[in-house]
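Enquirer: build me a model from this:
(one chain, ligands or ions: 1)
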Amino acid sequence: MKVDTVRARFEQTAFDYDGLIPRLIPYYREQQDLIIQLIPFASNDRLKVLDLGAGTGILSALVLQAFPQANVTAFDMAENMLKICQTNLSAFGPRLTLQQGNFAADDFGGGYDLVVSGLAIHHLDGAGKQQLFHKLFNSMNSGGILLIRDIVTGATPKLTKQYEQLWREYIKGCGEDDAAYFQAYLEEDIPSSVEEQIQWLAAVGFSEVGCHWRYLNFAVFGGVKQ
Ligand SMILES: C[S@@+](CC[C@H](N)C(=O)[O-])C[C@H]1O[C@@H](n2cnc3c(N)ncnc32)[C@H](O)[C@@H]1O
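Expert: I've put the predicted structure just below:
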């Protein structure tokens, strides 16, 4: 993984991220609304939550709002993303903890009831994802749930190409430079198919593994630790 390249990109784009990302990712807000709906806990449960690759804290904020007794660790390697996260989520006070690190190499703690991760894990290759899924499984409590939204490939190279072309049209239609973003994607991102990621989640021990939503090369999927 080109960790330094990825980190540099997010250090640079942090200040524009929140406005830009829905113009790059189709159904961005619908994906995160679904993630919140899929969380099976009562609203007053005292949850320990990890937001992996939290960025500016968009998912963390939604979890903290929906679960007023939850505490969230926002874990990310980009200092500027975490600075924006701290500013945007200051109203949540000590319920939010920021932790800077590389989730492929560093410790992100344990005892989690809920792990969410948005658009971050695709920066790891297949072997890296499998190792991370194992680490996530070990970081979670029994009864815990993992919910991931990410960029994925199609089930075949032809489908991947078709999805990528439609994705570029979406970016262009939003007035953004699809060629530049697509080039960065080719250089920095290492998406895997939903089908293989679901197998990897089951292989490390997750149950109730499934793809909850999909549109072209974007998916929401995850599993439960029983
Ligand atoms: C596209 S942003 C996603 C932000 C937010 N989760 C969302 O759903 O919009 C990806 C974030 O993942 C972080 N990231 C990527 N690889 C990482 C790694 N190995 N360790 C920690 N953070 C990582 C980046 O720094 C960036 O802030």
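Enquirer: next, work out how far apart residue 198 and residue 162 are.
Expert: In this view, residue 198 and residue 162 are 21 Å apart by CB to CB, to the nearest Å. Placement of C-beta: from N, CA and C, glycine included.
Enquirer: and those two? Which one has more around it.
Expert: Set residue 198 next to residue 162 and count neighbours by other CB atoms under 10 Å: residue 198 wins out with 18 against 14.
Enquirer: wait, is that one part of a strand?
Expert: No: counting by DSSP: H, G, I helix; E, B strand; the rest coil, residue 198 is not part of a strand but helix.
Enquirer: strands along this structure, start to end?
Expert: All strands of the chain, identified by DSSP state E, fall at 48-52, 71-76, 96-100, 112-118, 140-151, 207-215, 218-224.
Enquirer: how about those in TSV, adding mean neighbour count and distance to the ligand?
Expert: Listed next are the strands of the chain as TSV, based on neighbours: other CB atoms under 10 Å; distance: least, CB to the nearest ligand atom, whole Å:
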stretch	mean neighbour count	distance to the ligand
strand 48-52	24	7
strand 71-76	24	4
strand 96-100	18	8
strand 112-118	24	2
strand 140-151	21	6
strand 207-215	15	14
strand 218-224	22	11
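Enquirer: how about the ones you listed, which one is nearest residue 169?
Expert: strand 207-215 (13.3 Å; CB to CB).
Enquirer: direction included, what does the closest one pair against?
Expert: Under the criterion DSSP bridges, strand 207-215 sits next to strand 218-224 (antiparallel) in its sheet.
Enquirer: I figured residue 205 hits residue 137, correct?
Expert: Yes: using CB atoms under 8 Å, residue 205 is in contact with residue 137, at 5.1 Å.
Enquirer: which residues do those two both contact?
Expert: Shared contacts of residue 205 and residue 137 (CB atoms under 8 Å, 6 or more residues apart in numbering): residue 225.
Enquirer: more neighbours, these two?
Expert: residue 137 (18 against 15).
Enquirer: where does residue 1 land on pLDDT?
Expert: pLDDT, residue 1: 48.
Enquirer: so who does residue 215 touch?
Expert: By CB under 8 Å, 6+ apart, residue 215 lies in contact with 26-27.
Enquirer: give me the beta-bridge partners of the residue nearest the centre of the chain?
Expert: In the chain, the centroid-proximal residue (CA atoms, centre = their mean) is residue 118; its distance is 1.7 Å. Counting by DSSP bridges, residue 118 forms beta bridges with residue 149.
Enquirer: what sits against it?
Expert: 31-32, 35, 51, 53-55, 58-59, 148-150.
Enquirer: next to the ligand, which bits of this structure? Give me the list.
Expert: 6-7, 10, 21, 53-55, 58-59, 76-78, 81, 102-104, 118-120, 123 (CB under 6 Å from any ligand atom).
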